[in-house]
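>>> Fold the following for me, if possible:
(one chain, ligands or ions: 1)
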Amino acid sequence: MTTPVVTMKAVDKAFGGRPVLANVNWQVAPGQVIGLLGRNGAGKSTLIECMLGLRETDRGTVALFGEPVARLSEAARARIGYVPQRSDLFEWLTPDQLLAYFKTLYPRWNDARVASLLARWGFDAAARRQKIATLSGGQQQRLSIIRALAHEPELLVLDEPVASLDPMGRREFLRELVGDVIGRGTTVLFSTHILSDLERVAVDVAFMKEGRIALQAPLDELMEGTRRVTGNAATMAALGLQSALGQVRHDNGFFSIVTRVTPHDAERLEAAPGVRVEAVSLEDLFEEVTR
Ligand SMILES: Nc1ncnc2c1ncn2[C@@H]1O[C@H](COP(=O)(O)OP(=O)(O)OP(=O)(O)O)[C@@H](O)[C@H]1O
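Modelled structure (predicted):
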């Protein structure tokens, strides 16, 4: 069996007595690309930080490449790239100095790739010699991504990587992610609030709710196999729908249930009298799952 890239078992984490991660059991397989979704404060950053050993857990175990995260070898560390939500770049350095410094820390470093990304992502000679503190938020985020890609990590973790990028920047980043990073078989985990970006990358989506991963599935499978079913109470009860992802009672007494369906279920529901069956958007699904 291939060793999972990430294994989290029974992980709990609370802040001031308030649970943020509650019995997280999660595995990420080599080559998986996962978009992590959840409302503000759902615990995405906390999950990522505990996963990478940047934050201690209260309970449970975390392993990366089969090694306990608390005692990760240098070799395993070099296989990971991380773009934090808040810039952690050394602001008193210039981009050239920062990249030269990080190059000394890694056994592998792709100079040609760094040069190409710098050129394509707007770092001309002047910007490369400017203090990082004086770069814009978006430029700092681009630099943070270049730093994380330079050593060609096998596990790339990005916490809202596009939050301060302009639409062009987002597109360029996604192109890099899809064309190069994912193409090389990199395992990628990225949190995002921009649902339309997920549709451009063929990914699994994982929804965080109540301290754990409430639902995870390939995005296309999820969209094809989820329906909103609406009808009155008696009709809905007769359908015997199981495992609703979300349920709403309308003012007219009708109910809508969002549920995963097999193609056979979908046909059966569409043929049922007095029932409306609709496809849902990713935004609808986000709302239902994280409600
Ligand atoms: N260092 C800390 N001390 C106290 N509470 C914290 C700390 N870090 C996070 N929290 C709390 O934990 C909860 C989860 O925060 P986290 O940053 O993991 O959420 P998130 O899903 O990444 O949110 P967002 O989408 O807004 O970035 C929040 O309620 C937050 O206030």
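>>> So which residues on the stretch 1-150 of the chain come close to the ligand?
Residues of the stretch 1-150 of the chain found near the ligand (C-beta under 6 Å from any ligand atom) are 15, 20, 38, 40-46. Backbone N, C-alpha and C define where each C-beta goes, glycine included.
>>> Can you tell me which of the residues you listed are buried?
Using 16 or more other C-beta atoms under 10 Å as the burial test, those include 20, 38, 42-46 as buried.
>>> Dump those to TSV, plus secondary structure.
Formatted as TSV, these follow (DSSP: H, G, I helix; E, B strand; the rest coil):
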residue	secondary structure
Val20	strand
Gly38	coil
Ala42	coil
Gly43	coil
Lys44	helix
Ser45	helix
Thr46	helix
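>>> Redo these as CSV? Include pLDDT.
Output for those, formatted as CSV (pLDDT from 0 to 100):
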residue, pLDDT
Val20, 97
Gly38, 94
Ala42, 94
Gly43, 95
Lys44, 96
Ser45, 96
Thr46, 97
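>>> would JSON lines of these with distance to Asp251 be doable?
Shown next, in JSON lines, are these (distance: C-beta to C-beta, whole Å):
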{"residue": "Val20", "distance to Asp251": "35"}
{"residue": "Gly38", "distance to Asp251": "29"}
{"residue": "Ala42", "distance to Asp251": "29"}
{"residue": "Gly43", "distance to Asp251": "34"}
{"residue": "Lys44", "distance to Asp251": "34"}
{"residue": "Ser45", "distance to Asp251": "38"}
{"residue": "Thr46", "distance to Asp251": "38"}
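>>> count of neighbours near the nearest residue to Lys13 once chain neighbours are set aside?
Nearest residue to Lys13, sequence neighbours excluded (C-beta to C-beta, 6 or more residues apart in numbering): Leu21, at 4.1 Å. Neighbour count of Leu21, defined by other C-beta atoms under 10 Å: 24.
>>> contacting residues around the helix or strand harbouring Leu21?
Using DSSP states H and E, Leu21 falls within strand 18-28. With C-beta atoms under 8 Å, 6 or more residues apart in numbering as the test, strand 18-28 has contacts from 4-14, 34, 43, 46-47, 50, 57, 60, 187, 189, 210-213.
>>> let's go with 7 Å and repeat that
Outside strand 18-28, the residues within contact range by C-beta atoms under 7 Å, 6 or more residues apart in numbering are 4-14, 34, 43, 46-47, 50, 187, 189, 210-213.
>>> Would you mark the buried spots in it?
Those would be 20-21, 24, 26, 28, for strand 18-28 by 16+ other C-beta under 10 Å.
>>> returning to what we had before: out of the residues of the stretch 1-150 of the chain next to the ligand, the closest to Ala100 would be?
Ser45 (28.9 Å; C-beta to C-beta).
>>> wait, isn't the closest one in contact with Asp159?
Yes: the pair Ser45 / Asp159 is scored as a contact, 5.6 Å apart, by C-beta atoms under 7 Å.
>>> so what sits against both of those two?
Here Ser45 and Asp159 share the contacting residues Gln85, scored by C-beta under 7 Å, 6+ apart.
>>> rewinding a little: what does the model give the residue nearest to Lys13 for pLDDT?
For Leu21, the model assigns a pLDDT of 97.
>>> rewinding a little: contact partners of the helix or strand following the strand holding Leu21?
Sequence order places strand 33-37 as the next helix or strand after strand 18-28, per DSSP H and E. The set of residues external to strand 33-37 that reach it, using C-beta under 7 Å, 6+ apart, is 28, 44, 182, 188-192, 198, 201, 203-208, 286.
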